[in-house]
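A.B. asks: got a predicted structure plus its sequence, pasted below:
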Amino acid sequence: QVQLVESGGGLVQPGGSLRLSCAASGFTFSWFTMSWYRQAPGKERELVASVGSAADSTRYADSVKGRFTISRDNAKNSVYLQMDSLKSEDTAVYYCNTNLGIRAYWGQGTQVTVSS
């Protein structure tokens, strides 16, 4: 079965960095676009970044452009989100996502808290 397992979240001070990882299994990872979403308390889930199957295309939410970098390693079935210059408004649960045909799959989420 499809599994997405996130790791790397935690508490960081404003201006700091974190690197999130998502380990995927149960499907042919290299065929599919992978994405990171986030959901802050009281807000809707939003797309943060996505990367194409061959890592040849990426896109970012305007709020994270220039600060976050998405990447993938198809040999390791993993996708990453490097988050730099973190702000308090980046505080959220971060989810790994992929869409296989008509169904979306999600990881369990990892909490990122930016606070002094």
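C.D. replies: Sure thing, it's come through. Predicted, not measured: the structure shown is a model, and the values here were computed from it. Numbering: from 1, shown residues only.
A.B. asks: who's the residue most central in space within the chain bridged to?
C.D. replies: Taking C-alpha atoms, centre = their mean, the centroid of the chain lies closest to residue 36, which sits 2.8 Å from it. Beta bridges link residue 36 to residue 49, residue 96, judged by DSSP bridges.
A.B. asks: in this protein, which spans are strands?
C.D. replies: Using DSSP state E, the strands of the chain run over 3-7, 10-12, 18-25, 34-39, 46-51, 58-60, 68-73, 78-83, 92-100, 103-106, 110-114.
A.B. asks: in the sheet, which strands lie alongside the third one, parallel or antiparallel?
C.D. replies: Based on DSSP bridges, the strands next to strand 18-25 in the sheet, each with its direction, are strand 3-7 (antiparallel), strand 78-83 (antiparallel).
A.B. asks: out of these, which one sits most buried?
C.D. replies: strand 78-83 (a mean of 22; mean count of other C-beta atoms under 10 Å). C-beta here means a position set from N, CA and C on the backbone, and glycine is covered the same way.
A.B. asks: thank you, goodbye.
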